[in-house]
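Q: Next one to model:
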Amino acid sequence: MPEQRVQSAESVLEVRDLAKLYPLTRGVLVKRRIGAVRAVDTVSFDLRRGETLGIVGESGCGKSTVARLLVNLERPTAGAIRYRGEDISRLSGRALSHVRRNIQMVFQDPYTSLNPRMTVGDIVGEPFEIHPEAAPKGDRRRRVQELLDVVGLNPEHINRYPHQFSGGQRQRVGIARGLALRPEVIVADEPVSALDVSVQAQVVNLMERLQDEFGLSYVFIAHDLSVVRHICDRVAVMYLGRFAETGTDTEIYEHPTHPYTQALLSAVPVPDPGARARRTRILLSGDVPSPADPPSGCRFRTRCWKARDRCAVDVPALAVPEAFRTTDGPAAHASACHFAEERVAVTPGLA
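A: Residues are numbered from 1 along each chain as shown. Down below sits the predicted model:
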């Protein structure tokens with residue numbers, strides 16, 4: 001669980017009913033649309049200043065698509081992404097360039113996200129070429145060296161190439177590049193999944209330190225539940241393009257209400273044999289349905305042990321279950337399940 005950081009009730013990002021559909025076509029010369037993949041479907045959340053929001057879920061659930069939509073690498077099919085009250089999802093040209101200064105991205109793979117033909121100095125300083133007003137030309141080398149020092153790299157290595165660094169050091173280079181323009185929001189898409197466990201801890205600790213130092217807000221995409229609990233203040237669990245459950249890290253990890261969240265936490269390895277014997281292990285049946293043809297009603301119902309007739313008809317809203325309604329607002333513990341009140345004993349064993 002992260003230490004209590006100074007946060008603001010002020011929202012820097014407001015995402016409302018975000019959706020991204022990819023058309024499915026058939027034919028070579030004449031393409032015919034035969035359907036669509038619903039990668040993201042009516043996702044909504046707020047990100048407050050100084051906060052870390054974690055988005056977790058299995059591969060293919062739409063996490064990385066959300067990340068690309070937030071930084072405008074892709075345009076949404078529907079919905080709005082508001083930064084400081086302005087809908088940025090439809091911006092282009094100079095207006096979009098200005099917003100991109102304030103919302104930067106750290107990519108998953110430090111091996112492929114850095115140009116091997118560029119020196120580290122050129123990579124970190126590249127944002128200054130795109131936004132020359134951010135640093136005078138004669139001052140850029142000094143600024144790049146400062147950024148390398150901030151992320152724990154030797155400033156004298158400014159002329160080295162990415163292959164001369166380890167995986168963890170390369171990810172630090174990516175973080176330095178993301179910090180170059182002093183953004184307010186950083187979208188981190190699986191930033192430690194390609195690293196060794198010991199290096200993961202170093203990079204996560206670095207991101208926490210930078211957050212405190214620069215007042216950053218993070219959207220942290222991951223599938224490793226222990227990493228998410230360590231760094232995130234709030235967590236959104238995603239399944240097949242939609243949020244299944246949202247809440248604070250304590251609410252999600254200690255009192256999960258959605259059956260998918262409960263199943264995820266029950267699968268986390270527990271080193272203590274006694275705790276492992278006491279917890280309930282939930283085994284899901286079947287495979288994840290295709291996002292091109294999701295189930296009617298609740299999307300999780302085909303794998304859910306709680307599923308009943310109502311689940312096939314009514315789409316469950318992401319709302320606070322009546323029995324657990326103690327708070328309101330963006331931190332409220334919400335679950336997209338008709339039967340969220342039915343508890344399951346889960347002891348994930350995550351410190």
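Q: residues in contact with the top helix by length along the chain?
A: The longest helix of the chain (DSSP state H) is helix 197-214. Residues outside helix 197-214 that contact it (Cβ atoms under 8 Å, 6 or more residues apart in numbering): 2, 5, 50, 52, 150-152, 166-168, 171-172, 175, 179, 182, 188, 191-192, 195, 216-218, 224, 227, 230-231. Using the backbone N, CA and C atoms, a C-beta is placed for each residue, glycine as well.
Q: got the end-to-end distance for stretch 147-158?
A: Distance between the two ends of stretch 147-158: 10 Å, counting by Cα to Cα, to the nearest Å.
Q: Which positions in it come out as buried?
A: 147-148, 150-153, 157-158 (16 or more other Cβ atoms under 10 Å).
Q: quick one: secondary structure of the closest residue to P256 other than its chain neighbours?
A: With Cβ to Cβ, 6 or more residues apart in numbering as the measure, Q262 is the residue that lies nearest to P256, at 4.8 Å, once sequence neighbours are left out. Secondary structure, DSSP: H, G, I helix; E, B strand; the rest coil: Q262 is helix.
Q: do L18 as well
A: strand.
Q: Name all residues that make contact with the spatially closest residue to it that is not a sequence neighbour.
A: Leaving aside its chain neighbours, L18 sits nearest to G79 (3.7 Å; criterion: Cβ to Cβ, 6+ apart). Contact analysis of G79 by Cβ under 8 Å, 6+ apart lists 15-19, 42-44, 89.
Q: If any of those residues are buried, give me the ChimeraX selection for them.
A: Buried residues among the contacts of G79 (16+ other Cβ under 10 Å), as a ChimeraX selection:
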select :15,16,18,19,42,43,89
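Q: hey, where'd the helices end up in the stretch 51-200 of the chain?
A: Counting by DSSP state H, counting those that start in this stretch, the segments of the stretch 51-200 of the chain that form helices are 63-70, 93-102, 120-130, 140-150, 167-179, 197-214.
Q: So for G274, which of those helices sits nearest?
A: helix 197-214 (23.7 Å; Cβ to Cβ).
Q: mind listing what's buried in the closest one?
A: Those would be 199-200, 202-204, 206-208, 210-211, for helix 197-214 by 16+ other Cβ under 10 Å.
Q: Among the contacts of G79, show me the least confident.
A: Lowest pLDDT among the contacts of G79: S89, with 88.
Q: my guess is that residue contacts R68, does it?
A: No. Using Cβ atoms under 8 Å, S89 is not in contact with R68; the gap is 11.9 Å.
Q: mind listing what the closest residue to V173 other than its chain neighbours touches?
A: Distance criterion Cβ to Cβ, 6+ apart; nearest residue to V173, sequence neighbours excluded, is V120 at 5.5 Å. Shown in contact with V120 (Cβ under 8 Å, 6+ apart): 148, 153, 157-162, 165, 173.
Q: out of those, which one sits closest to A95?
A: Once Cβ to Cβ is applied, the member of those that ends up nearest A95 is V173, at 29.1 Å.
Q: Can you tell me the number of residues neighbouring the closest one?
A: 24 (other Cβ atoms under 10 Å).
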